[in-house]
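K.L.:
3D model of this:
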Amino acid sequence: MAVTPQTNTTLRAIADELAQRDDFVICGHVSPDGDCLGSQLALMHALRSLDKRATCVLAEDDGCVDEVFSFMPGLDEIVSPSAFDGPIGVFIGVDVPTVARIGDAAALHAKAPFKVTIDHHAVESTMADLVYVDPDAAATAQLIWELAGHLAARRDAAIATCAYTGLVTDTGRFQYQNTDAASLVAASEMVAAGADPALVAREVFQNRRLASIQLESRAIERMVFTDDGAAVASWLSIGDFEELGASKPDAEPIINSLRSVKGVRVACMLREQDQAVRGSLRAKDDTDVSVLARRFGGGGHKAAAGFTLEMELGEAVQTVLAAMAGLVSGEAGGGALR
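P.N.:
This is a model prediction of the structure:
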């Protein structure tokens with residue numbers, strides 16, 4: 001594994017430091033996904049198994065958690081930042097590299113006398129005293145699983161279930177390019193410790209609301225292809241969500257359907273939100289979509305990235321389509337996404 005230049009420690013050293021401290025606040029990023037929540041909860045359980053006091057907080061006071069993750073042990077104990085009134089000995093950011101991505105929890109971060117970051121998103125800035133970032137890790141949950149081992153925590157079914165959920169979601173059921181031998185070994189260890197792959201698959205991947213399917217239908221109808229079918233984009237408006245009674249998590253699986261079309265190498269899904277448009281990018285092969293995301297002020301991984309455009313939906317659609325045209329094939333002036 002190759003850590004970033006900002007990394008100043010090891011997971012074993014972090015474990016040694018945490019073993020000497022207490023009163024942990026564990027936070028992830030805004031709009032938490034499976035890896036974020038799984039990492040938070042797995043670490044909480046690991047620390048509690050050592051008789052430490054640990055609490056998981058959301059990044060936003062009005063943040064919501066996708067109900068498909070309700071099966072994870074401890075999810076009902078996560079609190080909003082404003083609801084937390086306990087002591088803060090250590091603030092641990094997992095699956096989140098910067099203060100800008102912890103929202104309202106930044107106030108708790110500022111109060112903490114000691115801070116730790118464990119992540120797999122490479123950025124140039126840091127927000128902690130101890131930083132461990134490994135972009136080669138398939139998921140932050142994989143790093144938390146390793147950290148739990150260094151802590152000599154009891155890696156039981158609760159920790160394994162949460163960590164496995166983070167790993168299986170961030171690897172797209174072990175179909176994405178980030179799946180490697182290390183992630184499969186970790187998954188095997190988690191299953192041996194009590195994680196139930198069938199249960200996780202049923203709860204996370206076979207549990208979509210009707211509104212999600214209806215949103216997907218609209219997105220499919222609007223698909224626009226460029227680069228002779230190698231790139232595809234689609235979009236959803238606020239009106240779509242309101243009309244169907246859908247929420248943001250209902251849109252999460254749709255980009256994978258766009259990417260699954262034969263011949264497509266890069267997919268982009270645009271979602272209108274208040275005064276902005278959120279874009280998600282996914283690659284099917286070794287195309288680097290983070291290049292395009294950075295052009296729009298965003299970032300992410302080679303195979304999965306995101307950005308936000310502060311413009312009207314119609315303008316955002318045209319802007320993205322123009323930027324995508326020729327980028328996969330390399331015919332555009334900016335060069336191919338490689």
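
K.L.:
which residues touch Thr319?
P.N.:
Leu309, Met311 (CB atoms under 8 Å, 6 or more residues apart in numbering). (C-beta placed from N, C-alpha, C; glycine too.)

K.L.:
With Glu272 as the reference, measure out to it.
P.N.:
Distance of Thr319 to Glu272, computed by CB to CB, to the nearest Å: 13 Å.

K.L.:
next one: Leu184
P.N.:
Taken as CB to CB, the span from Leu184 to Glu272 is 38 Å.

K.L.:
Which one's more surrounded, those two?
P.N.:
Glu272 (20 against 14; other CB atoms under 10 Å).

K.L.:
which residues in the protein form helices?
P.N.:
Here the chain has its helices, by DSSP state H, at 11-19, 34-48, 106-111, 140-150, 157-170, 181-192, 197-205, 210-221, 238-244, 248-251, 254-259, 290-295, 313-324.

K.L.:
For stretch 242-258, what is the distance to the chain centroid?
P.N.:
16 Å (CA atoms, centre = their mean, to the nearest Å).

K.L.:
now what about that stretch, what contacts it?
P.N.:
Here stretch 242-258 has contacts from 31, 33, 64, 66-68, 172, 208-209, 211-212, 214-216, 219-220, 223, 232-234, 236, 240-241, 264, 267-269, 271, 280, 282, using CB under 8 Å, 6+ apart.

K.L.:
And for Asp129, the neighbour number?
P.N.:
So Asp129, with other CB under 10 Å, has 16 neighbours.

K.L.:
residue ranges with poor pLDDT in the chain?
P.N.:
Along the chain, the parts satisfying pLDDT under 70 run over 1, 329-338.

K.L.:
So which residue is smack in the middle of it?
P.N.:
Residue closest to the average C-alpha location in the chain (CA atoms, centre = their mean): Asp33, at 4.8 Å.

K.L.:
Give me the nearest residue to that one, chain neighbours excluded.
P.N.:
Distances taken as CB to CB, 6 or more residues apart in numbering place Thr169 nearest to Asp33, at 6.4 Å, with adjacent residues excluded.

K.L.:
quick one: contacts for that neighbour?
P.N.:
Asp33, Gly34, Asp35, Gly38, Ala139, Val204.

K.L.:
which of these sit farthest apart?
P.N.:
The largest distance within the contacts of Thr169, taken as CB to CB, falls between Ala139 and Val204 and amounts to 13.5 Å.

K.L.:
Looking at these two, which has the bigger crowd around it?
P.N.:
Neighbour comparison, Ala139 and Val204: the larger count goes to Ala139, with 30 against 20 (by other CB under 10 Å).

K.L.:
Test my guess that the more buried one contacts Tyr176.
P.N.:
No: in this structure, Ala139 is not within contact of Tyr176 by CB atoms under 8 Å, at 10.1 Å.

K.L.:
Identify the contacts common to these two.
P.N.:
Contacts common to Ala139 and Tyr176, judged by CB under 8 Å, 6+ apart, are Asp170.

K.L.:
what about Asp119, neighbour count?
P.N.:
Around Asp119 there are 27 residues (other CB under 10 Å).

K.L.:
before we move on, back to that, could I get the helices of the chain in JSON lines, plus columns for distance to Ala128?
P.N.:
Output for the helices of the chain, formatted as JSON lines (distance: least, CB to CB, whole Å):
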{"stretch": "helix 11-19", "distance to Ala128": "10"}
{"stretch": "helix 34-48", "distance to Ala128": "14"}
{"stretch": "helix 106-111", "distance to Ala128": "9"}
{"stretch": "helix 140-150", "distance to Ala128": "14"}
{"stretch": "helix 157-170", "distance to Ala128": "20"}
{"stretch": "helix 181-192", "distance to Ala128": "23"}
{"stretch": "helix 197-205", "distance to Ala128": "29"}
{"stretch": "helix 210-221", "distance to Ala128": "36"}
{"stretch": "helix 238-244", "distance to Ala128": "35"}
{"stretch": "helix 248-251", "distance to Ala128": "28"}
{"stretch": "helix 254-259", "distance to Ala128": "31"}
{"stretch": "helix 290-295", "distance to Ala128": "23"}
{"stretch": "helix 313-324", "distance to Ala128": "34"}
